[in-house]
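[1] Here you go, sequence then predicted model.
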Amino acid sequence: MCNMRHIIDLSDLTEQEFSDLYKLTSNIIDRPEGYADACRGKVLGSLFYEPSTRTNLSFSTAMMRLGGSVIGFSDPGSSSAAKGETLKDTISMVSSYADMIVMRNPREGAAKAASMYSSVPVINAGDGGHLHPTQTLTDMVTILRLRGTAENMKIGLCGDLKYGRTVHSLLHFLERYRGVQLYLIAPDALGLPDYMLRFLKEHNMPFCQADSVEQVLPELDVLYMTRIQRERFADAQEYEKLEGSYRLTADKLRRAKKDMLVLHPLPRVDEIAQDVDDDPRAVYFKQARYGMFGRMALLLTLSKLPFERAGRQAIGAHGIKCANHKCITRTEPYLPLTGRVGERCPYCDAPLELLL
Ligand code: NCD
């Protein structure tokens, strides 16, 4: 693995890099004790500007199981961000203390922005509704460990496809597997954003849309459930209208294939009934455990790479802005922004528009 630097999107990895990462993950799963000192002396900077249980804990546990240590915060109120410090300054400083940085931030494109000011690798642990590459690593490790490949699979993605960053990241990555058929299961108001639909079309990824799980369940090899992302709704009433609009139960699961996998990035709210947990097809807790091993493999790999600071893009937001009001460029105005109207924002992938 020679070109891997920042991990903004898992699709940034070449096939060879991902295959090496998966092999290392498998070795760690089979013999974790062999890696107890692999990152001794290394420090992970863990910056969580948004709530997290699994991602935060699993990164910290991963670093500790490798013999390294962790600094950082899980409540931005306890960091200088609360005093108005820019992301650029926080990152410049933390990257002079730590050997790697993992960051979750509610602004879309924040990880890309951070990577431009970091002298150590930055791992995106979720940037708003945009991407979440290490969840994709978790999802792929689960599918590959339990089924060997994702090729020719019929994969249902159910729930909040609009704001669910885990779905967006997973779709980006599935592009490299032949014969994958996608079933997008969501109420109209929670369908995939246009830029993601465009992505599927541009990459010839066959998909169909359904508004209930029951409609497509018997076809599926994998069912990827997600919760409605309440915190990303501008209007609480909109959320209330959609709350509980789909739910997987043990009864519904009777119609599914005997070897279908039920995945969920967690946390679950009520979209999977508790009575599903005892079904051997429900692998979401196993998935969360695999995620920790995948993160161990990622940290170990990054810790060994010679690192060169990425070149900054020239400053030049001349006459354009990102159309996405949740984009990091809206709150960190010093960020360089180049491109033409209609092209994609280099941070969050939304279209660029005229600055009026
Ligand atoms: C996901 C996330 O944060 O995007 N959780 C996770 O990282 N395991 C999914 C979610 O919050 O719904």
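    Sure thing, it's come through.
[2] quick one, longest helix in this structure?
    The longest helix of the chain (DSSP state H) is helix 284-304.
[3] Buried residues in it, which are they?
    For helix 284-304, the neighbour count (16 or more other CB atoms under 10 Å) marks 284, 287-303 as buried. Heads up, the C-betas are built off the backbone N, CA and C, glycines and all.
[4] same thing with stretch 74-92?
    Applying 16+ other CB under 10 Å to stretch 74-92 flags 74, 76, 79, 81, 86, 87, 88, 90, 91 as buried.
[5] What is the least confident helix or strand in this structure?
    helix 236-242 (a mean of 79; mean pLDDT, DSSP states H and E).
[6] Can you tell me what sits against that one?
    187, 189, 190, 228, 230, 233 (CB atoms under 8 Å, 6 or more residues apart in numbering).
[7] ok, the third one - contacts?
    Spelled out, that is residue 190. 159, 160, 161, 162, 163, 228, 242, 245.
[8] now the residues you listed in a markdown table, with distance to residue 327 and secondary structure?
    As requested, the contacts of residue 190 are exported to a markdown table (distance: CB to CB, whole Å; DSSP: H, G, I helix; E, B strand; the rest coil):
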| residue | distance to residue 327 | secondary structure |
| --- | --- | --- |
| 159 | 24 | coil |
| 160 | 20 | coil |
| 161 | 20 | coil |
| 162 | 16 | coil |
| 163 | 15 | coil |
| 228 | 22 | coil |
| 242 | 24 | helix |
| 245 | 28 | coil |
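[9] SS state for the closest residue to residue 87 other than its chain neighbours?
    Spatial nearest neighbour of residue 87, chain neighbours left out: residue 332 (5.4 Å); criterion: CB to CB, 6 or more residues apart in numbering. Using DSSP: H, G, I helix; E, B strand; the rest coil, the structure places residue 332 in coil.
[10] Looking at the contacts of helix 236-242, state which has the most neighbours.
    residue 228 (25 neighbours; other CB atoms under 10 Å).
[11] Give me the distance between whatever residue of the stretch 201-350 of the chain ends up closest to the ligand and residue 134.
    Closest to the ligand within the stretch 201-350 of the chain is residue 265: 4.1 Å, counting by CB to the nearest ligand atom. Using CB to CB, to the nearest Å, residue 265 is found at 10 Å from residue 134.
[12] Looking at the two, which has the bigger crowd around it?
    Shown here are residue 265 and residue 134; by other CB under 10 Å, residue 265 has more neighbours (27 against 24).
[13] With just CA atoms, put the longest helix of the chain into PDB.
    Presented in PDB, the C-alpha positions along helix 284-304 are these (Å, rounded to 0.1, in the frame of the first residue of the first chain):
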ATOM      1  CA  TYR A 284     -25.300  -6.000  12.900                       C
ATOM      2  CA  PHE A 285     -23.600  -6.500  16.200                       C
ATOM      3  CA  LYS A 286     -21.000  -8.700  14.600                       C
ATOM      4  CA  GLN A 287     -20.600  -6.000  12.000                       C
ATOM      5  CA  ALA A 288     -19.800  -3.400  14.700                       C
ATOM      6  CA  ARG A 289     -17.100  -5.700  16.100                       C
ATOM      7  CA  TYR A 290     -15.600  -6.200  12.600                       C
ATOM      8  CA  GLY A 291     -15.500  -2.400  12.300                       C
ATOM      9  CA  MET A 292     -13.100  -2.200  15.200                       C
ATOM     10  CA  PHE A 293     -10.700  -4.700  13.500                       C
ATOM     11  CA  GLY A 294     -11.000  -2.800  10.200                       C
ATOM     12  CA  ARG A 295     -10.000   0.400  12.000                       C
ATOM     13  CA  MET A 296      -7.100  -1.400  13.600                       C
ATOM     14  CA  ALA A 297      -5.900  -2.400  10.100                       C
ATOM     15  CA  LEU A 298      -6.400   1.100   8.800                       C
ATOM     16  CA  LEU A 299      -4.500   2.800  11.700                       C
ATOM     17  CA  LEU A 300      -1.700   0.300  11.400                       C
ATOM     18  CA  THR A 301      -1.400   0.800   7.700                       C
ATOM     19  CA  LEU A 302      -1.400   4.600   7.900                       C
ATOM     20  CA  SER A 303       1.100   4.600  10.800                       C
ATOM     21  CA  LYS A 304       3.700   2.900   8.600                       C
END
